[in-house]
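Colleague: Next one to model:
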Amino acid sequence: MSWLRYIVLSGILLILPITVYSQYFGKNKPFYRTFDFQLVETPHFQIYHYFEDDSVVNQLAAMTERWYRFHQQIFLDTFITRSPIIFYDNHADFQQTTAIMSHIGVGVGGVTEGLKNRVVMPMGFTWQQTNHVLGHELVHAFQFNNLTSGNGTGLSSIQNIPLWMIEGMAEYLSIGSVDAQTAIWMRDALMRNSFPTLEQMTASPRYSPYRFGQAFWAYVSYKYGEQYILRLFRATARQGYRQALRDVLFVTPEDFSADWERTLRNHLLENVNDSTYNIIGNRLITRQNAGRYNLSPSVSPDGKYIIFLSEKDIYGLDLFLADAVTGDIIKKVFSSTRHSEIDALNFLETAGTWSPDNRHIAFVAYSKGRSVLVIYDVERLRVIREISPECVSAISYPAWSPDGSSIVFSGQTGLQSDLFLLNLESGSCRNLTSNNWAGIQPAWAPDGKTIWFSTDEPSRWQTSRTGGFYNIAELSIETGETFVHFTFDGARNLNPVPVPDGRHVVFLSNRDGRRNLYAFEIETGFLRQITDYPTGITGMTELSPAMGFGGNSLYYNLLWGGEFQIIKTTFDNLWSLSRPISDRQKDNHAARLVPYSANLSLVEQNLLNMSPSYKPPVEVAQSRLRRQFQLDYIGNMGVGVATGRFGTGMAGSVEALFSDMLGRNLLYTAVSINGRIHDFGGQLAYMNQSRRLRLGGSFSHIPFRTGYYTYENGDPDLNDRGELVFYNRRIFEDKLAAFSNWPLNRYRRIEAGVAYAFYTYRTERISSPSFYYPAYSAAGERVESPPSFGVGTFDLAFVSDNSRFGITSPVDGHRFRVQAEQYFNDMNYRGFLFDYRKYWFVRPNSFALRVYHYGRYGQDADDNRFYRLFLGYPWLIRGYNTSASYSSETVEGQSISFNQLAGSRLLLGNFEWRLPFSGPMDFAMVRSGLFVSEMALFMDGGISWDETSAPVFSLTSNSDENRIPVMSTGVTFRFNIFGVMVLETYYAVPFFQQRFHRGEIGFNLMPGF
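Modeller: Residues are numbered from 1 along each chain as shown. Purely as a prediction, here's the structure:
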């Protein structure tokens, strides 16, 4: 769960295999609209956009060239060709990108892909967000460019570089070594005596590669100098970080880790307040009654209930309702497995806002390609209304008015955001602010006449005008006037919340290098510091709301012990412990990730002078959009022969995927030759993704090989078996297909396809083979083969999948597929598939149920030119994959025949009780940082039949014409092999003919059903 490691602001996709959107199961890449992209070029970049405002494009061009100049000074590198950047207007649009084939999660703020060196990202709600993500992603562009420009490295060398080194460099070069948000994480780890070594950072997902990686590079620059950044990066790409540290910095990883921790401990814990503190209030929501990450508390106006985000159920963030007095969890309010009509919950900005009558909440989600405001009935667990305001492209930070008639929210407009007021009765919205400054985190005053919010607009008394600050502002509903208050100069003053007394506003600030709570007296402007935590009050991101009032109590998020806890207290209690603040200047000492140095590094100099108002002149030229296919992926599919129970088939050896820059047109090729020229196979496929209805076509030539031994020309009277002969048969399939995919939303889709395949044969007779392999590969005398035939198919399917994947298998939600097929021409029959899977998660276990039927019906349903369906495959019913259970071809005594397991129709059911067996999770039976596995107790059962036999409701049978159920039970272990594949080993005890039989050990290479 990457969102637990850090506020995910970027991702890297170096080499991505093709994602087939018409896969059997799996969620859809949402796609609801077509974007009219344009292309402009700057000296070093190609910028793809669809913005109507040229000033936005010009500002983005200036930002990219400024970051290029900054990063080029560190990498000492230039782009030979212009690097492409694809901008999306908002995150809902970004999730629909076709440039990146994988799913884009809510927490992903940008992606850099290696082969084309593309940056793909959306605009943020503030200039600072957009600027930081852009700077971060362009570091990755420089990293990829450096790896491919010689120096004995290539893109594959990136596997030698740990993630914390890659992402940490991007964070350090885009933020620097002064970062209060990262400093509180470092201080928290030091206080718990759990500061990681480099080895632990590499092996454990608990340590954010962004936070700890940023601190690592800050320390390298501080102790050794910035000139070692590039040297260490290149050396690591060639030989790994352990040897690179020895060769470049002349230090072992163990000594480096010890020196780094010692330096940070002396620096970040130098004061008593940095290492000891008391929590003000009561721990209401903690790991004991919820999860490790309990975020964005929102309390009902009457103070009885609290909703919050939590990964209590481990595999995702959900909305929970709890008693605001005791902290007892009442129920899960919202989950994607319960509400498939919503594509995703926007968990970064807010958990929700309550209606004044305490019955409804409003929260931000993504639905049908838009950022929407969801009105939700807490008692009935129903979506009452979805509102998608036309006045903005995206919304966040909703706040319900005290009179219940309207909701104020932050609406995204270009590079910035403004405040908008939504009338709930009419659905209309109007601007409350309209300027070049961001307006975020609005909160109503108790009387409903004033809105308090955060903005990056400077106060008139402010002296620090460089980027990186936020101020507290006040908006009058009656006059529409905005006043920016002077709180702490140059600090990030966020999350203003009016106190119910109407005389104070509390807010969060990093003015002392931490993240503490302050009170602002409205009438006098006096400031008081309320908390003095060495870590801080913070949400999932720095801009996530972290506190709120309910009744007379204040609820806030506290980072403590590597967890996010929700603390409950009263304002009176906080006020009694507060102290006045007269110095309004920001002190960065505690925010530094390394001790202070009088000599500013090059990175610090560049970042210090960065300001949104400064726009260096950049030459921007309009260019024509061209469709040029470039390589996205190349891989080896394997060389050799794939064997199965009913024959042998060839797998391809090399595959490649090409696409245009926007990913709208995909071209897939695969070729293989295995043995003789007859065994050449290949496939060519094309898919158009420019519309919601995705269309594609393919042509393939695939050879399949089978063979068998027999004796010929024998004389039974002389007891002469005759000559041993091997017949080598090749079946050639030439297939032309067209397919389509219509995603209804993220979880449901309709698939359709039509194809025509022509089958021809080549049979060779090999006399007196000495042993199998030469016979199989040798040339022989060509003999008569079965006649050629052609088969056409049409298929239509409906798929639904909102499941959540656990360690090695789904753990919550459902999967459902129903499919109809029609075969025509030389073979005429219908196929029908029904596959329903349901999962129940009961922490930490899960229960899984599958009901599956596939059948061929019609004239040629039992034609022997098609393979028979086999019930005993281990992915259907375990325990029947060997012939131990069916040693004869007919039913005898207590045995069953092979025919009992084969037919043209299958019906089966599976049930599993899944338990996390080993892994780093706290709920695993065996804790391990290396082996991640799942144990399951299972029961399988099914029956097969055809036109000549019938299923019977009996546990015994003496005839192949009466098909009886076969069952098995046992235990299985599934191992997650480094996130690449799942290996299953099981012990199954078959049950048939009214008794258990000898158990069987088997293997599977696939996730659980």
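Colleague: give the contact list for residue 176.
Modeller: 218, 603, 604, 607 (C-beta atoms under 8 Å, 6 or more residues apart in numbering). Any C-beta I mention is one placed from the backbone N, CA and C, and that applies to glycine too.
Colleague: quick one, phi psi at it?
Modeller: phi 100, psi -160 (degrees, to the nearest 10).
Colleague: Checking the residue nearest to it when sequence neighbours are not counted next. Helix, strand or coil?
Modeller: Once flanking residues are discounted, residue 176 sits nearest to residue 607: 4.6 Å by C-beta to C-beta, 6 or more residues apart in numbering. What DSSP: H, G, I helix; E, B strand; the rest coil gives for residue 607 is helix.
Colleague: Tell me how this structure divides into domains.
Modeller: Per automatic domain parsing, the domain ranges recorded for the chain read 9-19+30-149+610-625, 162-276, 282-582, 627-802, 804-1009.
Colleague: For residue 597, which of these is the nearest?
Modeller: Residue 597 lies closest, by C-beta to C-beta, to one member of the domains of the chain: domain 162-276, at 6.6 Å.
Colleague: Mind checking which of the contacts of residue 176 land in helices?
Modeller: Using DSSP state H, the members of these that fall in helices are 218, 603, 604, 607.
Colleague: Could you measure from the third one over to residue 962?
Modeller: Yep, that's residue 604 we're talking about. Distance from residue 604 to residue 962, counting by C-beta to C-beta, to the nearest Å: 82 Å.
Colleague: circling back: the domains of the chain: lowest mean pLDDT?
Modeller: Across those, domain 627-802 has the smallest mean pLDDT, namely a mean of 79.
Colleague: gap between the two ends of it?
Modeller: 35 Å (C-alpha to C-alpha, to the nearest Å).
Colleague: Pull the distance from it to the chain's centre.
Modeller: 33 Å (C-alpha atoms, centre = their mean, to the nearest Å).
Colleague: so the residue nearest to residue 176 makes contact with residue 172?
Modeller: No. The criterion here is C-beta atoms under 8 Å, and residue 607 misses it with residue 172 at 10.1 Å.
Colleague: which one of the two has more residues nearby?
Modeller: residue 172 (29 against 21; other C-beta atoms under 10 Å).
Colleague: Excluding sequence neighbours, find me the nearest residue to the more buried one.
Modeller: residue 217 (3.9 Å).
Colleague: contacting residues for the one you found?
Modeller: Neighbour list for residue 217: 165, 168, 169, 171, 172, 173, 229 [criterion: C-beta under 8 Å, 6+ apart].
Colleague: rerun that using 10 Å as the cut-off
Modeller: By C-beta atoms under 10 Å, 6 or more residues apart in numbering, the contact list for residue 217 reads 164-165, 168-173, 177, 226, 228-229, 232-233, 593, 603.
Colleague: And residue 471, by the same measure?
Modeller: Counting by C-beta under 10 Å, 6+ apart, residue 471 touches 437, 453-459, 462, 484-494, 496, 507.
Colleague: isn't there a strand covering it?
Modeller: Yes. Per three-state DSSP, residue 471 lies within a strand segment.
Colleague: how close does the residue most central in space within the chain sit to residue 27?
Modeller: Ranked by distance to the mean C-alpha position of the chain (C-alpha atoms, centre = their mean), the top residue is residue 105 at 5.0 Å. Separation of residue 105 from residue 27 (C-beta to C-beta): 11 Å.
Colleague: hang on, the earlier thing: surely the residue nearest to the centre of the chain touches residue 95?
Modeller: Yes. Contact status for residue 105 versus residue 95: in contact at 8.3 Å, counting by C-beta atoms under 10 Å.
Colleague: any shared contact partners between those two?
Modeller: residue 344.
Colleague: and residue 337, how many residues sit next to it?
Modeller: For residue 337, the neighbour count with other C-beta under 10 Å is 22.
Colleague: which residue packs closest to it, ignoring adjacent ones?
Modeller: residue 813 (3.7 Å).
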